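Chemist: Whatever this is, show me its structure:
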Amino acid sequence: MLILIPGLGWTRKMKSETHRIIKKLFLNASAIIGFVLLGIFIVIAIFAPFIAPPKEWRCPYMMPIVTWTSSPQPPSPEHLFGVAGKRDIFYGVIWGTRTAFRVGIIVTVVSTLIGLFIGSIAGYYGKLFDEILMRITDIFMAIPFLVAALVLAAILGSGLNKVMIAMTIFGWMYPARLIRGNILQVKEEQYVMAAKALGVKNYLIIIRHVLPNTIFPVLIQASMRMGSLVITAAALSFLGVGAPQGYSDWGALLNYSRNWMLGGQGEALRYWYSTVFPGAAMVLFVLSWNLVGDALRDVFDPRLRI
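Modeler: Model (predicted):
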């Protein structure tokens with residue numbers, strides 16, 4: 001006698017899908033490296049007050065002045081990464097991790113939401129909406145991102161919040177383009193047409209039916225953009241329009257070392273520590289997000305499923 005158990009097929013399918021995801025994520029060396037690196041940065045950001053206790057709790061992101069000597073000082077037991085710009089490099093790298101997450105997460109989330117809204121309207125409604133919104137998008141995309149952010153940040157004034165505003169204004173176009181293209185592919189699917197025939201409102205169709213089937217590529221792209229946005233913010237701080245003087249930011253640390261990067265006569269690597277430590281932090285941070293983004297793409301991209 002055959003006994004049918006309700007939900008058994010669905011349960012097996014879920015187990016199979018979970019097994020596939022685990023296999024993709026944890027049997028892939030690059031994915032493991034990415035998640036481990038990202039986990040290390042998350043731990044550093046969370047426990048920054050214990051790793052590098054601030055002297056002034058009212059503004060812990062400000063790097064304290066530890067010497068009055070203008071030239072960089074080599075690593076020592078008191079200053080593990082050395083001193084640059086009269087400030088402790090170790091303190092700046094640790095608290096700069098929090099700055100990197102703050103900039104990356106806020107700019108990525110806000111710009112992606114703006115892009116989703118504009119791209120969804122353009123892709124779903126099409127015609128005049130699509131033409132106008134995509135021409136505006138083309139105009140923004142024609143302007144180099146770093147140059148546009150630099151000019152706008154200079155107009156708004158220096159400061160990390162101003163930099164994030166500038167980066168958001170010129171960072172929404174890529175998710176908008178991507179979600180528009182995905183919606184153009186699925187809006188003629190039968191489940192969308194059935195919802196329209198039943199009289200479901202357009203905004204509910206977009207939220208309940210269209211976005212859930214088109215948003216994964218946007219989320220993957222967002223994870224991979226996180227690192228590049230942090231690099232852009234660091235570049236703006238290096239150029240003097242980003243983080244304020246003394247603020248814990250990897251780009252600001254490199255700015256303090258700009259006059260010492262070439263060392264002295266016959267000793268080019270004398271002040272290597274002033275650029276290696278903040279530079280390595282940026283490289284590893286970007287690498288972790290890129291590897292995580294690749295891993296997520298391998299898991300959720302249906303074209304790569306075996």
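
Chemist: ok, residue 157 - how many residues close by?
Modeler: By the criterion of other CB atoms under 10 Å, residue 157 has 10 neighbours. Every residue, glycine included, has its C-beta placed from N, CA and C.

Chemist: Which residue ranges of the chain form strands?
Modeler: For the chain, applying DSSP state E gives strands covering 83-84, 87-88.

Chemist: can I get those strands in JSON lines with distance to residue 251?
Modeler: Listed next are these as JSON lines, based on distance: least, CB to CB, whole Å:
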{"stretch": "strand 83-84", "distance to residue 251": "13"}
{"stretch": "strand 87-88", "distance to residue 251": "14"}
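
Chemist: Make JSON lines out of those and add distance to residue 153 and mean neighbour count.
Modeler: What follows is those, written out as JSON lines (distance: least, CB to CB, whole Å; neighbours: other CB atoms under 10 Å):
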{"stretch": "strand 83-84", "distance to residue 153": "23", "mean neighbour count": "26"}
{"stretch": "strand 87-88", "distance to residue 153": "23", "mean neighbour count": "24"}
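
Chemist: Spell out for me which residue occupies the centre of the protein.
Modeler: Among the residues of the chain, the one closest to the centroid is residue 226, at 1.3 Å (CA atoms, centre = their mean).

Chemist: Verify the stated contact: that one with residue 102.
Modeler: No. Using CB atoms under 8 Å, residue 226 is not in contact with residue 102, being 11.6 Å away.

Chemist: circling back to that earlier point, wait, what's in contact with the residue nearest to the centre of the chain?
Modeler: Each residue near residue 226 by CB atoms under 8 Å, 6 or more residues apart in numbering is listed here: 104-105, 108, 289.

Chemist: Then residue 279?
Modeler: By CB under 8 Å, 6+ apart, the neighbours of residue 279 are 250, 254.

Chemist: Residue 103 versus that one, what's the distance?
Modeler: Distance of residue 279 to residue 103, computed by CB to CB, to the nearest Å: 17 Å.

Chemist: which secondary element of the protein has the worst mean pLDDT?
Modeler: Lowest on mean pLDDT, DSSP states H and E among the helices and strands of the chain sits helix 8-26, with a mean of 59.

Chemist: burial count for residue 69?
Modeler: Neighbours of residue 69 under the rule other CB under 10 Å: 9.

Chemist: Torsion angles phi and psi at it?
Modeler: With angles defined as degrees, to the nearest 10, residue 69 sits at phi -80, psi 130.

Chemist: how deep is the nearest residue to it once chain neighbours are set aside tucked in, by neighbour count?
Modeler: Leaving out its chain neighbours, the residue that sits closest to residue 69 by CB to CB, 6 or more residues apart in numbering is residue 86, at 7.1 Å. Neighbourhood size, residue 86 [other CB under 10 Å]: 18.

Chemist: Residue 86 touches residue 70, doesn't it?
Modeler: Yes. Using CB under 8 Å, residue 86 is in contact with residue 70, at 7.0 Å.

Chemist: burial count for residue 161?
Modeler: Residue 161: 11 neighbours (other CB under 10 Å).

Chemist: Residue 186 too?
Modeler: When neighbours are counted by other CB under 10 Å, residue 186 comes out with 16.

Chemist: Which helix runs longest in this protein?
Modeler: Longest helix of the chain, by residue count under DSSP state H: helix 89-125.

Chemist: For it, what does the pLDDT average out to?
Modeler: Averaging pLDDT along helix 89-125 yields 92.

Chemist: ok so, going back, so who does the residue nearest to residue 69 touch?
Modeler: By CB under 8 Å, 6+ apart, the neighbours of residue 86 are 65-70.

Chemist: Just the closest of these to residue 137, please.
Modeler: Checking those against residue 137 by CB to CB gives residue 65 as the nearest, at 45.6 Å.

Chemist: For the closest residue to the closest one other than its chain neighbours, what are phi and psi?
Modeler: If the residues on either side of it in the chain are set aside, residue 65 comes closest to residue 86, at 4.9 Å by CB to CB, 6+ apart. When read as degrees, to the nearest 10, the backbone of residue 86 gives phi 70, psi 10.

Chemist: Give me the distance between residue 86 and residue 67.
Modeler: 5 Å.

Chemist: One more: residue 250?
Modeler: Applying CB to CB to residue 250 and residue 67 gives a distance of 20 Å.

Chemist: which one of those two has more residues nearby?
Modeler: When residue 250 and residue 67 are compared for neighbours, residue 250 comes out ahead with 27 against 14, by other CB under 10 Å.

Chemist: For residue 119, give me its contacts.
Modeler: Taking CB under 8 Å, 6+ apart, one finds 175-180, 183 in contact with residue 119.

Chemist: what's the answer for residue 253, then?
Modeler: 84-85, 87, 89, 92-93, 96, 274, 277-278.
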